[in-house]
Each structure stands twice: as structure tokens, then as C-alpha cells.
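**Q** heads up, no residue letters with this:
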């Protein structure tokens, strides 16, 4: 299969310097993969916090998160294949998943391999989620927080592309988005109530409301504002 | 063989995706948690039910054979 | 320590009550006294034999659910044989219901009867592990008493399966089957929602039998005297006797062994005014005049939506407000929620707050409708029956104390005392440690 694909690519670009095409393709798919991975991470955070994308139904957040992760993998695979097929430098295919197996740009590609390994683990465990313990699934899924920065470091160390011009801005922008989003997630998590304290907290909240009954809305049930305060986050 | 919907109330966090995809069988209470119709699933709704089961971020919704 | 009294014979029925508790009533029975009263431990020497006798006897669980004992044992034995795994038997002495004292009393006065039942049940299902699960802080000395009893049995070699003692945290949910197993597995005493049933896959993945301590005591006697003897008291559909925790207006809990089917009027004395709480804090308030026409069995009690449960019967004095008492109990029940399931976590505290309002003067107009709605919303939507039982208790209060609700709406109350009557443990669970 690999031979066929490489034959196709070479045939398609016959007459053009195939090195250039493959090399550009690898860099381009790499950038797209990084953008997609950033989006997937942000969407994952949105799912956890039960946030919504404007104009879209709730199930779309989860759906997009899952589907985009698969598209991201496709782009990573293309990114790897084009780099491997490019004959200008020798990159063994195995180095895509085995860190430090490439003599060319050993560290940079090693980072990529680590990131890809984690991605594969996350996606495989998610596809098999029904058959795995929740604790295992969650532990592997949290490794995604490692996969992203490693992928980002791989991006800026393996090519000078992202150190100049608008690609540099893109890289910095992605990093900023992720940092802000993770900080948001952590600050929300610090407000999460441990299971043993939830009911006590809610009791205090509703008994306060009962005492201040005059301030309740006419229907006598929680207004939307009250509801968000009192529906204690359960994570 | 009929199927029934079942929610694991411990895993359920009230995301609400299920109610969007299968409003005929699932409604949300005033706190955002699903009220599931426990009667056998009409065959016409099976596809939507599977979508709802799949869309749950915590896999709390299940289809059980009865 | 609560006092045990002789059971009152029903008219026309041959009775040899009390059966479970020693006749002296106060002295804990050591091995010799137990052997003198009950005879030797009649092992059957093969799994399964006892189960048919239990079916003939019609013994049902005395922990509250009244599930047929033979069916539970048969399920565990079948799972053990199919999976070729030894089973585990657990005597549930958690008795986490604050108003119940009968298991603690039984374990204090006649531990050997329960331990006999544990051995016989272990033999019947092919178990190689036995655990006696008790409640921390209920009776500090019961643990020591049980240790003594086990030491006596070890010296004689009475037990074929070694018994471990385990203690539950003082939580209302500790006695719930899956919470119990969760705790014994090293986790908190909160329910789990994992099919299949624990009879199939329970503690450590083994087929597990969880049986109330009193049930095992009955089992131990049936093994000696036979199903016919067991059926000499009780009704045809609900045979046998049971231990009841009875609290009259003086508030003192009395443990009495009662034949099923006994008239509540005879058991509780002249029932005219006020209300009776049947079945504890997941039970039902019934107006006294109505209760007077009922008998202590599910067939009769079912007519008013009540159940025998674990045999808790309480008649508060007329100077207390039934709504206020209910509100205090529901506040306790809400705080004892595991907080795992959205409906229970959200519903019970709100119900408690609204009930507190209804127990006060001139509650909000919406409060009663809110309680009704929330009671409906929490029922059947948790991982255990805590919200269901609480909702049942609450609804029965709204019905039975309807007149009182009206009075409160107009700023009046028929009660003259605000001293809490129903027993409620102090302190609530604040951290994860309180559940482990």
C-alpha cells in the first residue's frame, strides 16, 4: 500500500522536484495537524465544562471533539508519510512512533514520536471505551495534556518555519489559546466540589434561600441564575 | 427482542446531549438531568437511540436488551 | 442498652415467642447458654440442602426488603457452581437506620444464633469467606462482644468458615448492599451502579450473599426445628416472627419479637389520636385510627402504601408537630445522600428546605407543590433507593398531616413542644474520610 501511494505521489509530481513537493506537503500537513490538535484540545475542555458552541446543539461539542481528533490523526499520518517518503533526508518510518530512532533531527522527531504515541493511545482507548474501566480511560485521556505541548515543541524545533512570519504568530497564538484554556479549566476545577461536600454545600445554599423567601422568583423555583450557582459541579 | 434505555445515574453529569438526540424518550428535569422513558424502545427510534448513547460524553446512557 | 420484652401472643396461634432472644431478656448468651437453649449447630454437610427447607419455611429478609431468602441463596449457589468460584457470605448488621435497634440488640444478646446462621448460609452456598458487618458508633461494646463470641467458637471449632468482623462508617447508606461491598473493597460506603447483581459478582468478583443479621438468626432456628415450626406463627403468606423496634410516646426504644400478622392495635396499644410511623425513615406515616385497623404484614400495610420494612414502629406523643419532626428527619436524610446522582443531590436538600418552611408558620404558597414535584422527580432516578424511600416518607407526611399543613398556613400549630422526638444522629459527613 505504501509503495502504491508513493508511486502515485511521484508520478503526480513527475517533472517537479519531488523533494520540494513532499517536503512542503509535510510541513503544511504538520501545521494543519497542530491547528487541529489545538482545536481538539479546546473542544475537549469545552465538553468537560459543559460549554456550548454558539448556534450548535449540545451534542455537537462532543461530536466535533471526537471527529476532529480523527481528522487530526489523518493529517498527522500524512505529515509523517510525506516526510518519510521524501528522499532528500532519510527518516525511517519507525521513528514516527519510536522516539529517537531517527538520526536526522533526532530530538525534534523524537518529540513528534512521543506526541503521536500518546495520540494513538488516547484514540484507541476512546474507541474501546465501553470495554475499559473508566479509570483507565480517564488516565490515558489526561495524557492528551502532555501530547499537545510535546507536539508544539516538535513543531518549533523540527523546522525553522514556525519561527518566522505568520507561522510564528500561528504557533504563538495556538500556545496562548491552550494556556488560557487550561488555566480556565484549572480555575474551574478548583471550584469543583468533592463528592463528600456536595450535599452539605447545597443544603446550606437552599436553606439560605428558604430563609430569604421574599427574594425568590414568582414561580417559586430556581431562576436560571440561581440554578447555575446551586447545581454544584460534579466533577 | 426489545431494548430499553438505561442511565447510570452515578456517571451521568447532566450534559444533556441525549435529550437533544432522542426527545421522544428523554427529557431533562429542572436540574438538567435526564428523565428516561423506561418502556421498550420503538424500533423506529433505534437509530436515534444509538446516536444518543454514542453522544454521551460519560457513556452513562445505555441500551439494554430485555 | 434497650430492653427486650416478651412478645404478646396473638389470639388462637400457638406461639413460643420469643424465639430469637434469650428468655432472660438482659444477659448476653455465651456459647454454653446458647447451646443449652438452641441445641447444636446442624450442618447439612453439603451445599444447597438447606435452601429447600428455607423455601418451605417461606423465610423472607428481615432487613427491610423482605426478599425470599431461598431465592437469594439459590442465586448465589448457582453462580458459585457455574463460575466454579467459592462464594462470600456477609451478615449485614449495619442497621444504619437511626430508629432501629433490633439488630444491635440481637447481636448483643444472642450473637451465636446469628453466627450459626452465618455458618449455615455459608455452607448452603459454598462460601469460603464469611464477614459480619456492624455499624461503628452504634454500640461500642458490640464489637467486643462479637470478638468474645468468635473466640468461644474458635476454641470449640464450631465454625467451618472463618469469620471476619468489619465495621461500617456511621452513615445512613452503610447498610445498602452495594455500599457495603464498596466499603469492604476499600472504598467509601456509597452505592455503586454496576450490573450484574452482587449474587453473581460481588465482593472481589465472587458471588456474594448479603443477609440481614436477624434473617440469619431465623435461618439458624429453621435449620434446627424445621419449616413447619417456623410457620406456627405469622400468616400463610408471611410466616414467622420478627424483631420490632417500638417507640411509644416516652421515646424509649423497646425490642419486641412479634408474630407477623399481629394487630397493630394490640401491639401498640390503644391507637386513636395522632399518627404512627411504620417502617422507619423510609417508611410511612399513617393516622393512628387507620393504623388500628391494620396488621403487621405487607398484605395489610400495603393497603395504605406502607411496608413492614425492618419492623420500626413509632407513635410520637400528641404534643409534637408531625411536620416539624418530618422536616428534621428529612434534613438528616438529605445530608446523608452520597451526592453521586444528580436528582438525589439536587432534590433532597430542596425538599428538606421546603419541608422546614412547611413546618414553620405561613410557608410560601408554592412550598407544598414544590415538595410534591421534587418527590416525584427524585423517585427511581438514583443508583439506590435512598431518594425513593425519602420521597415516600415525605409524601405520607403531607397526606397524614394535611390538617396540620392547613393550620400552619394560618400561622397556627397544634403542637405544644418543640423538643425533637425522632432520633437523629449528631454530626454529618463533611469529608471523604467520614464515608470510609
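**A** Nice, thanks for sending it over. Being a predicted model, the structure only gives us computed values, none of them experimental.
**Q** what residues sit buried inside the strand or helix carrying residue C:155?
**A** Using DSSP states H and E, the secondary-structure element containing residue C:155 is helix C:140-156. Of the residues in helix C:140-156, C:142-143, C:145-146, C:149-150, C:152-153 count as buried by neighbour count, 16 or more other CB atoms under 10 Å in any protein chain shown. To be clear about C-beta, it is placed using only N, CA and C from the backbone, and glycine gets the same treatment.
**Q** and for stretch C:62-82?
**A** Along stretch C:62-82, these residues count as buried under the neighbour rule (16+ other CB under 10 Å): C:62-64, C:66, C:69-70, C:72-77, C:79-80.
**Q** could you do stretch A:175-186 as well?
**A** For stretch A:175-186, the neighbour count (16+ other CB under 10 Å) marks A:175, A:178, A:181-182, A:185 as buried.
**Q** over to stretch C:417-428?
**A** With burial defined by 16+ other CB under 10 Å, the residues of stretch C:417-428 counted as buried are C:421-424.
**Q** and stretch C:210-229, by the same measure?
**A** So, applying 16+ other CB under 10 Å, buried residues of stretch C:210-229: C:210-223, C:225, C:227, C:229.
**Q** got it, and stretch A:54-66?
**A** Using 16+ other CB under 10 Å, the residues of stretch A:54-66 that count as buried are A:58-66.
**Q** what about that stretch and chain C, touching?
**A** No - interface with chain C: stretch A:54-66 contributes nothing (CB under 8 Å from any CB of the partner chain), its closest point being 15.6 Å away.
**Q** now that stretch: mean pLDDT?
**A** The average pLDDT for stretch A:54-66 rounds to 94.
**Q** now stretch B:27-41
**A** In this model, stretch B:27-41 has an average pLDDT of 96.
**Q** now tell me what touches that stretch from outside.
**A** Applying CB atoms under 8 Å, 6 or more residues apart in numbering or on different chains, the set of residues contacting stretch B:27-41 from outside is A:221-222, A:227, A:231, B:2-7, B:9, B:12, B:14, B:16, B:18-19, B:24-26, B:49, B:61, B:63, B:66, C:342-343, C:346-347, C:377, C:381.
**Q** please list only the buried members of those.
**A** A:221-222, A:231, B:3-7, B:9, B:12, B:14, B:16, B:18-19, B:25-26, B:49, B:61, C:342-343, C:346-347, C:377, C:381.
**Q** burial of the residue in the stretch 51-200 of chain C that chain B sits nearest to, as a residue count?
**A** Taking CB to the nearest CB as the measure, the point where the stretch 51-200 of chain C comes nearest chain B is residue C:193, at 4.9 Å. Neighbouring residues of residue C:193 were enumerated by other CB atoms under 10 Å in any protein chain shown; the total is 18.
**Q** tell me which residues touch it, please.
**A** Applying CB under 8 Å, 6+ apart, we find residue C:193 in contact with B:8-11, C:178, C:383.
**Q** identify the farthest-apart pair in those residues.
**A** Checking these against each other with CB to CB, the farthest-apart pair comes out as B:11 and C:178, at 14.5 Å.
**Q** ranges for the strands of the stretch 301-436 of chain C?
**A** Taking DSSP state E, counting those that start in this stretch to define them, one finds strands in the stretch 301-436 of chain C at C:312-314.
**Q** which positions in it make contact with chain B?
**A** Taking CB under 8 Å from any CB, the part of the stretch 301-436 of chain C that reaches chain B is made up of C:340-344, C:346-347, C:377, C:381-383.
**Q** dump those residues into a markdown table; add distance to residue C:270 and pLDDT as well.
**A** Shown next, in a markdown table, are those (distance: CB to CB, whole Å; pLDDT from 0 to 100):
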| residue | distance to residue C:270 | pLDDT |
| --- | --- | --- |
| C:340 | 45 | 95 |
| C:341 | 43 | 96 |
| C:342 | 46 | 95 |
| C:343 | 41 | 96 |
| C:344 | 39 | 97 |
| C:346 | 43 | 96 |
| C:347 | 38 | 96 |
| C:377 | 39 | 97 |
| C:381 | 41 | 96 |
| C:382 | 39 | 96 |
| C:383 | 42 | 96 |
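**Q** could you export those residues as CSV, including distance to residue C:265?
**A** Written out in CSV, the entries for those read as follows (distance: CB to CB, whole Å):
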residue, distance to residue C:265
C:340, 42
C:341, 40
C:342, 43
C:343, 38
C:344, 36
C:346, 41
C:347, 36
C:377, 37
C:381, 38
C:382, 36
C:383, 39
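**Q** and the pLDDT at the residue in chain C positioned nearest to chain A?
**A** For chain C, the residue positioned closest to chain A under CB to the nearest CB is residue C:366, at a distance of 3.1 Å. According to the prediction, residue C:366 has pLDDT 92.
**Q** thank you kindly, that will do.
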